[in-house]
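Undergrad: Here's a sequence, model it:
(one chain, ligands or ions: 1)
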Amino acid sequence: MSVAVHRSLRYGDERIAFSLRVQPARRVQRIAIHVEPDGRVVVDVPKETSDAAVQAAVQRRARWISGQVAAVRARLAHALPRAHVSGESLFYLGRRYLLKVVVDEGRDGHVRLRGTRIEVAVANGDAARVRGLLDAWYRKRADEVLAARLAAVASSLSWVCTPPPMQLRVTKKRWGSCSPEGRITLNPNLVKAPRECIDYVLIHELCHLGEHNHGPRFHRLLDTLMPDWRRVKERLDGLVEQLMPP
Ligand SMILES: [Zn+2]
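TA: Numbers count the residues shown, from 1 in each chain. You can find the predicted model right below:
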C-alpha cells in the first residue's frame, strides 16, 4: 500500500497542491505526474526518491500541471452539480416555481412538483435533456388539465352537446384556435397560465363553435359567458413573454 503525502508547487502566483504517493521501486521506476478527473494532482515516485528530486520534477512541469488543472476546473464548472436550483422561473397554473435539477440515477426522467419547486431528476446533468423532460411534463399536464377544463366549461353551454375534440400544438403566437369543423387546438403553454386565463381562452374558442368570426354577435356571446373577459385577456396578454418561450 502506498502512503500519500501532501505537498505543493508554485507556478507564478499559483500554489498547486499535490499528493505524493511513494511506490515500491518494482511498480514505479520514475516520477509520474497525473491530473485526476476531479482536478487533484497526484505524483507517483519510486521509493527513496529525494524531496529535492520530486520538487525539481514538479517545478519543471508546473506549466503543464497548471494548464491541466485549469482545464478540469473549466469542465467541472459547466457540468451540473448534484442538486441544482437554477434560479430559472417556471410557471404552472399561474404560479411561479423554481427549477431544481437533481442528479439521481434511480429516478432518471422523473419530474415532480414539490412545494415552490419543479424538480427534474436526471442520471446525468445534461441541460438539453432537462429541457426535453420539462416540455414533456408540461404537455402531459396540459393534456389532462385543459381537457378536463374544456369538458367542464363546454357542459354549461347550451349550443355544445358534447365536448369538442381537442388537440395540443405549440405555436409562437396563439393560445388557441377553432377549426371550421369544430376542432379546438390549444397551445400546451396555456397550462402555465392562471386558471381564469385558461377559462377565457376555452370560452373564446367555444364561442367560435356558435360564431366563427369576431363580429358583434361573437362578442355578445363572450360578454354573457364571461362579463370581465377584457380584464382577463389583458392579464393573459401581459404574461405572454413569461409563458411562451421564444
Ligand atoms: Zn377567436
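Undergrad: Could you tell me the model confidence score at His84?
TA: According to the prediction, His84 has pLDDT 59.
Undergrad: Kindly apply the preceding question to Arg27 instead.
TA: Predicted confidence (pLDDT) for Arg27: 81.
Undergrad: tell me the phi and psi of it?
TA: The phi and psi values for Arg27, taken as degrees, to the nearest 10, are phi -90, psi -40.
Undergrad: show me what contacts the nearest residue to Leu134 once chain neighbours are set aside?
TA: Distances taken as CB to CB, 6 or more residues apart in numbering place Val120 nearest to Leu134, at 6.2 Å, with adjacent residues excluded. No exception for glycine: its C-beta is placed from N, CA and C like everyone else's. Neighbouring residues of Val120 by CB atoms under 8 Å, 6 or more residues apart in numbering: Leu99, Lys100, Val101, Val102, His110, Val111, Val130, Leu133, Leu134, Trp137.
Undergrad: 6 Å instead, please
TA: By CB atoms under 6 Å, 6 or more residues apart in numbering, the contact set of Val120 is Val101, Val111, Val130, Leu133.
Undergrad: Mind checking which of those land in strands?
TA: In this view, the contacts of Val120 that belong to strands under DSSP state E are Val101, Val111.
Undergrad: Are any of the contacts of Val120 buried, and if so which?
TA: For those, a burial check counting by 16 or more other CB atoms under 10 Å picks out Val101, Val111, Val130, Leu133.
Undergrad: what would those look like in CSV with distance to Trp159 and pLDDT?
TA: Below are the buried ones among the contacts of Val120 laid out as CSV (distance: CB to CB, whole Å; pLDDT from 0 to 100):
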residue, distance to Trp159, pLDDT
Val101, 47, 89
Val111, 38, 96
Val130, 44, 88
Leu133, 40, 93
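Undergrad: okay, those in JSON lines with distance to Gly12 next?
TA: Formatted as JSON lines, the buried ones among the contacts of Val120 follow (distance: CB to CB, whole Å):
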{"residue": "Val101", "distance to Gly12": "36"}
{"residue": "Val111", "distance to Gly12": "46"}
{"residue": "Val130", "distance to Gly12": "38"}
{"residue": "Leu133", "distance to Gly12": "44"}
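Undergrad: Out of those residues, which comes closest to Glu196?
TA: Nearest to Glu196 among those: Val111, at 25.6 Å, using CB to CB.
Undergrad: what's Phe18 sitting at in phi/psi?
TA: Taking degrees, to the nearest 10 as the convention, Phe18 sits at phi -140, psi 160.
Undergrad: Am I right that it is in contact with Asp44?
TA: No: under the criterion of CB atoms under 6 Å, Phe18 makes no contact with Asp44, lying 10.7 Å away.
Undergrad: And the two? Which one has more around it.
TA: More neighbours surround Phe18 than the other of Phe18 and Asp44, with 22 against 18 (other CB atoms under 10 Å).
Undergrad: Neighbouring strands - and their directions - for the helix or strand of the chain with the lowest mean pLDDT?
TA: Every helix and strand of the chain was ranked by mean pLDDT, DSSP states H and E. The lowest is strand 83-92, at a mean of 77. Take DSSP bridges as the rule and strand 83-92 pairs in its sheet with strand 95-103 (antiparallel).
Undergrad: Look up the closest residue to Tyr92, ignoring the ones flanking it.
TA: Computed as CB to CB, 6+ apart, the closest residue to Tyr92 that is not its neighbour in sequence is Lys192, at 5.9 Å.
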